[in-house]
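S.K.: With the input below, show me the fold.
(one chain, ligands or ions: 1)
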Amino acid sequence: MRSNARAQHASNTKVSRLAKFDVVSIEDLETSDIERVFALADDFYARLERGEQITTAAGLIMATLFYEPSTRTRLSFESSMHRLGGAVISSADMQASSAAKGESLADTVRVVAGYADLIVLRHPHDGAARVAAEYAPCPVLNAGDGSREHPTQTLCDLYILRKKKGHLKGLTVALCGDLKFGRTVHSLIYALARFGANIVAVPTSGMDVPDYVLERLAAERNYSFSTVTMDELKSLAGGLDALYLTPSAPHQMALFTGADALQTIPASEPPASLDAFYVTRLQKERMSGKEAGAADYVRFDARALRTSRTSEAVVMHPLPRTNELAYELDTDPRAVYFEQAAAGVPVRMALIAWLMEKAAATTSPRAIAEPIRFKAEPPPRCSNLNCITRFEVAYLAPRFTLGRSADTTVLALKCDYCERDLKTEYVGHTRSHRYYRFDENLQGYVRQWIEEGSLAVFDNVKQAEEGGYEPYKRGPQREIMNEQEVVRAIESLADQVIADVLDMPSVSIVGVVSRGAMLALRLRELIGSKTKVFPPCAALDVYKPDDALHPIDRTETFVVEDRTIVLVDDVINSGWTVQRAMATIWQRGRPAAVKLAVLIDRGHRAVPIRPNYVGKNIPTSRTERVQVRLGTAGSDPKVKTHDHVTIYSIVEPMKEPEAAH
Ligand code: NCD
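M.R.: The predicted structure follows:
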């Protein structure tokens, strides 16, 4: 989970009495934190209603730094601090501040931290709040950073939704409009996923939820949702049964991330009813002109609430509204957007009071993933033109961690500030001065290069060659196993496991994502059909250290303790993946034994791990690569598989150029 950055570049300007705790993303708050904030908000709500004088924050000063227009967010933050008995200093138009003279964000927040206990920041650039949090020695609350997140709006949204519906789990919420640039939507999605609500995304065309949000949801919450078009929503709202839900990409991804699809509406069924519509305006100011979407933008009116499926739904909007929400709805009790805006005061009071509680408690900052060090100059730049690293260039070095990409022909580097992926096709090794067109077989090496600080990435061949890098060439590919041979090898693996393991009910299978997991399923089916014992099966993703192991069948819980674990992978290259997988299994518990099953043993590896079960031995030289391709899961006989294995030679990436020839 995303860490909460402690100020990394803090100056000695700290005057704050509050503990350093930043809310940059809604994910910085634990579920218990959110629950505590809501409890405090309930209390403040009641006390405000009684007209009580509150002095909780007496003596504290909050600074609001707004680099973008705002009515609700800034005024409700300021009102909440006044209501708490604290004081406010405000720069509502940062264009009129030193920023206009060219002051950096880092300098501004360090200066302001000398005047205030707490900074509330709104900024047009993605990731700006993260930068402010790292430089300010006092807490920073993100009041909207570009199109990324708006966590405190989400607190208000959730608070009202829960108040209206009594709970969050199991609710079905339709998110309508600009889901691409709508930062309130992004924070809300993470939160709805966490609280077990169903999401139906209804983007205006071209305004879909961005991939980085979907990927984070899949990776951190095992969550995906369906997307419907505006027309499909209309037929739903019109009471027709013709609604057709189109699964979004992560829905399909869910198969091998072991996603808990319990929270997701089956793709073939329309939701039985909708509990809320969350309508948003078109974020015109963030559009480059390339985006379409304005013409067919959602127009939400009272008709949408007339069907049996929607009659109980509340209508939400973060406001301001433009044309997407008809004024006729305002008097309808199901329209709750003004209550949402009003909740800004008690909820933000609660957040400040909660920060004060935090100051009293000791907090340990959560760990931040180690960013990739680039020795080669220039280091890669974030591809997002609105990323804060593109603007604060004098002091802010781009920072990346390893991302995830469904496309195995690109290496994804995740920007640590804006979360967008930089997808690169060419990677290089700074010691050998070779460059490579990336493919998944280089994954293990790239990991190693990252560890030793010798990874270089290039936009294209020209950049690599201008940097003095030489190409490596991949030899011709040759098929060495056809479909029957692969099927036979998997059968052989199953037979070996059955022969070796005396007590089949004690066996559990763990497959390394993705092909190891596909193999694991096929092994389970084969073992089951032969022995009538279907071992529990989990997928293990070595790229998700916090959340790596998931039962493939979601109705099971996966136990490691005292089990005989059969760890399955397709082929061992460097052995790094197996090593990581073993470590993850041990973190989960103490198995009775771990046995390694590989489809193909190449006869050599960097670490001393020997597989117990081997589908086929294919001795290869170190300069050769074996690539296994598996068809769709073999458990469905109707699905045509295309299993095959190919081999090709490469120039050993780790060798120096002379030795490579
Ligand atoms: C939103 C924002 O600024 O992101 N407004 C708000 O804070 N309530 C939504 C918007 O501007 O459309």
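
S.K.: What residues does this structure have near the ligand?
M.R.: Proximity of the chain to the ligand (CB under 6 Å from any ligand atom) is limited to residues 72, 73, 144, 150, 153, 183, 184, 281, 318, 319. Backbone N, C-alpha and C define where each C-beta goes, glycine included.

S.K.: Can I take it that residue 88 is in a strand?
M.R.: Yes - under DSSP: H, G, I helix; E, B strand; the rest coil, residue 88 falls within a strand.

S.K.: how close does it sit to the ligand?
M.R.: Residue 88 sits 18 Å away from the ligand when distances are taken as CB to the nearest ligand atom, to the nearest Å.

S.K.: and if you look at residue 431?
M.R.: 46 Å.

S.K.: Just the pLDDT at that residue, thanks.
M.R.: Residue 431 carries a pLDDT value of 87.

S.K.: Spatially nearest residue to it (excluding sequence neighbours)?
M.R.: Distances taken as CB to CB, 6 or more residues apart in numbering put residue 454 closest to residue 431, at 5.3 Å, once the chain neighbours are dropped.

S.K.: How confident was the prediction at the residue in the stretch 201-350 of the chain that the ligand sits nearest to?
M.R.: The ligand sits closest to residue 318 of the stretch 201-350 of the chain, with a gap of 4.0 Å, by CB to the nearest ligand atom. Looking at residue 318, its pLDDT reads 97.

S.K.: next one: residue 94
M.R.: 82.

S.K.: now swap in residue 469 and tell me
M.R.: pLDDT recorded at residue 469 is 84.

S.K.: returning to that earlier point: got the residues of the chain next to the ligand as JSON lines, with neighbour count and secondary structure columns?
M.R.: Below are the residues of the chain next to the ligand laid out as JSON lines (neighbours: other CB atoms under 10 Å; DSSP: H, G, I helix; E, B strand; the rest coil):
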{"residue": "72", "neighbour count": "17", "secondary structure": "helix"}
{"residue": "73", "neighbour count": "26", "secondary structure": "helix"}
{"residue": "144", "neighbour count": "26", "secondary structure": "strand"}
{"residue": "150", "neighbour count": "27", "secondary structure": "coil"}
{"residue": "153", "neighbour count": "27", "secondary structure": "helix"}
{"residue": "183", "neighbour count": "23", "secondary structure": "helix"}
{"residue": "184", "neighbour count": "25", "secondary structure": "helix"}
{"residue": "281", "neighbour count": "19", "secondary structure": "coil"}
{"residue": "318", "neighbour count": "25", "secondary structure": "coil"}
{"residue": "319", "neighbour count": "19", "secondary structure": "coil"}
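
S.K.: Can you lay out those residues as JSON lines showing distance to residue 542?
M.R.: JSON lines is the format used below for those (distance: CB to CB, whole Å):
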{"residue": "72", "distance to residue 542": "44"}
{"residue": "73", "distance to residue 542": "40"}
{"residue": "144", "distance to residue 542": "35"}
{"residue": "150", "distance to residue 542": "33"}
{"residue": "153", "distance to residue 542": "36"}
{"residue": "183", "distance to residue 542": "32"}
{"residue": "184", "distance to residue 542": "34"}
{"residue": "281", "distance to residue 542": "42"}
{"residue": "318", "distance to residue 542": "38"}
{"residue": "319", "distance to residue 542": "44"}
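
S.K.: could you say which helix or strand contains the nearest residue to residue 43 once chain neighbours are set aside?
M.R.: Closest residue to residue 43 apart from its sequence neighbours, by CB to CB, 6+ apart: residue 350 at 7.8 Å. According to DSSP states H and E, residue 350 maps onto helix 344-360.

S.K.: any low-confidence regions in the stretch 451-600 of the chain?
M.R.: Applying pLDDT under 70 to the stretch 451-600 of the chain flags residues 473-475, 543-547, 554-555, 573-574.

S.K.: re earlier: and of the residues of the chain next to the ligand, the nearest to residue 204?
M.R.: residue 281 (10.7 Å; CB to CB).

S.K.: Give the full set of residues in contact with the closest one.
M.R.: Residue 281 makes contact with 177, 178, 317, 320, 321, 322, 324, according to CB atoms under 8 Å, 6 or more residues apart in numbering.

S.K.: Just the ones in strands from the residues you listed, please.
M.R.: Residues of these located in strands (DSSP state E): residue 177.

S.K.: Return the member of the contacts of residue 281 nearest to residue 393.
M.R.: residue 178 (28.9 Å).

S.K.: That closest one against residue 283, yeah?
M.R.: Yes - using CB atoms under 8 Å, residue 178 is in contact with residue 283, at 5.1 Å.

S.K.: Which one of the two is surrounded by more residues?
M.R.: More crowded of residue 178 and residue 283, by other CB atoms under 10 Å: residue 178, with 27 against 21.

S.K.: What is the burial count for residue 324?
M.R.: 19.

S.K.: can you check the one 3 residues further on too?
M.R.: Around residue 327 sit 9 other residues, with neighbours defined as other CB under 10 Å.

S.K.: how close does it get to residue 612?
M.R.: Residue 327 sits 70 Å away from residue 612, going by CB to CB, to the nearest Å.

S.K.: What of residue 389?
M.R.: Relative to residue 612, and taking CB to CB, residue 389 is found at 47 Å.

S.K.: higher neighbour count, those two?
M.R.: residue 389 (22 against 16).

S.K.: secondary structure class for the more buried one?
M.R.: helix.

S.K.: Please apply the same query to residue 598.
M.R.: Reduced to three states by three-state DSSP, residue 598 is strand.

S.K.: That one: what's it in contact with?
M.R.: Neighbours of residue 598 in contact, by CB under 8 Å, 6+ apart: 568, 569, 570, 571, 572, 611, 613, 614, 615.

S.K.: From the residues you listed, keep the buried residues only.
M.R.: Buried by 16 or more other CB atoms under 10 Å: 568, 569, 570, 571, 572, 611, 613, 614, 615, out of the contacts of residue 598.

S.K.: And the lowest mean pLDDT element among the helices and strands of the protein?
M.R.: Across the helices and strands of the chain, mean confidence by mean pLDDT, DSSP states H and E is lowest for helix 249-257: a mean of 28.

S.K.: Name the next helix or strand following that helix along the chain.
M.R.: Following helix 249-257 in sequence order, the next helix or strand is strand 276-279 (DSSP H and E).

S.K.: Parallel or antiparallel, which strands does that next one pair with?
M.R.: strand 172-177 (parallel), strand 314-316 (parallel) (DSSP bridges).

S.K.: Give me the helices and strands touching the host helix or strand of residue 444, please.
M.R.: Under the criterion of DSSP H and E, residue 444 resides in helix 443-452. The helices and strands touching helix 443-452, judged by 3 or more CB pairs under 8 Å, 6 or more residues apart in numbering; DSSP states H and E, are strand 400-402, strand 426-429, helix 576-588.

S.K.: just the CA coordinates of that helix, formatted as PDB?
M.R.: The C-alpha trace of helix 443-452 is given here as PDB (Å, rounded to 0.1, in the frame of the first residue of the first chain):
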ATOM      1  CA  GLN A 443      12.400  -9.300 -16.600                       C
ATOM      2  CA  GLY A 444      14.800 -11.200 -14.300                       C
ATOM      3  CA  TYR A 445      17.800  -9.400 -15.700                       C
ATOM      4  CA  VAL A 446      16.100  -6.000 -15.500                       C
ATOM      5  CA  ARG A 447      15.400  -6.700 -11.800                       C
ATOM      6  CA  GLN A 448      19.100  -7.500 -11.300                       C
ATOM      7  CA  TRP A 449      20.200  -4.400 -13.100                       C
ATOM      8  CA  ILE A 450      17.800  -2.300 -11.000                       C
ATOM      9  CA  GLU A 451      19.400  -3.800  -7.900                       C
ATOM     10  CA  GLU A 452      22.900  -3.000  -9.000                       C
END
